[in-house]
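Asker: after the sequence you'll find the predicted model.
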Amino acid sequence: MNLGQEQRQFTQLVGKLITWAYAHGYELTFGEAYRTPEQAALNAAKGSGISNSLHTKRLAVDLQLFIAGVYQTDTEAYKPLGEYWESLGGAWGGRFSKPDGNHFSLEFEGVR
Ligand SMILES: [Zn+2]
């Protein structure tokens with residue numbers, strides 16, 4: 001699968017994740033999706049991301065989770081969504097060495 005095909009598949013899978021979340025009583029807002037390489041480099045310099053982030057390839061999205069109207073900041077709260085996302089073949093940021101629970105991506109060329 002080439003990058004363009006994978007990007008379009010990723011978008012479709014995010015649609016499934018959002019539908020699943022609402023069907024299970026969760027609510028979401030969009031955080032960051034596309035990130036410019038320039039911004040990714042700035043983040044990496046600050047230690048808050050990597051320069052080859054999948055956000056720069058349109059293969060990652062950050063979703064903000066609300067439960068009963070309350071914004072969730074703890075990675076553990078995102079675990080049901082993360083596990084569903086993994087069942088679709090995605091990579092969940094909650095598994096990262098530095099957990100990033102609101103990050104959902106599709107692996108490309110070994111980057112998650
Ligand atoms: Zn992210």
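Answerer: In hand now; what should we look at?

Asker: which residues sit against the helix or strand of the chain with the lowest mean pLDDT?
Answerer: Here the helix or strand of the chain ranked lowest by mean pLDDT, DSSP states H and E is helix 37-46, holding a mean of 94. Outside helix 37-46, the residues that touch it by C-beta atoms under 8 Å, 6 or more residues apart in numbering are 35, 49-53, 55-56. Just so you know, the C-beta spots here come from the backbone N, C-alpha and C atoms, and that holds for glycine as well.

Asker: could you list the buried residues of it?
Answerer: 39-41, 43 (16 or more other C-beta atoms under 10 Å).

Asker: touching the ion at all, it?
Answerer: No: judged by C-beta under 5 Å from the ion, helix 37-46 makes no contact with the ion; its nearest approach is 9.7 Å.

Asker: now that helix: how far from the chain's centre is it?
Answerer: Distance of helix 37-46 from its chain centroid, counting by C-alpha atoms, centre = their mean, to the nearest Å, is 17 Å.

Asker: Leu63 - that's part of a helix, no?
Answerer: No: counting by DSSP: H, G, I helix; E, B strand; the rest coil, Leu63 is not part of a helix but strand.

Asker: count the neighbours of the nearest residue to it once chain neighbours are set aside for me.
Answerer: Nearest residue to Leu63, sequence neighbours excluded (C-beta to C-beta, 6 or more residues apart in numbering): Leu28, at 4.8 Å. For Leu28, the neighbour count with other C-beta atoms under 10 Å is 15.
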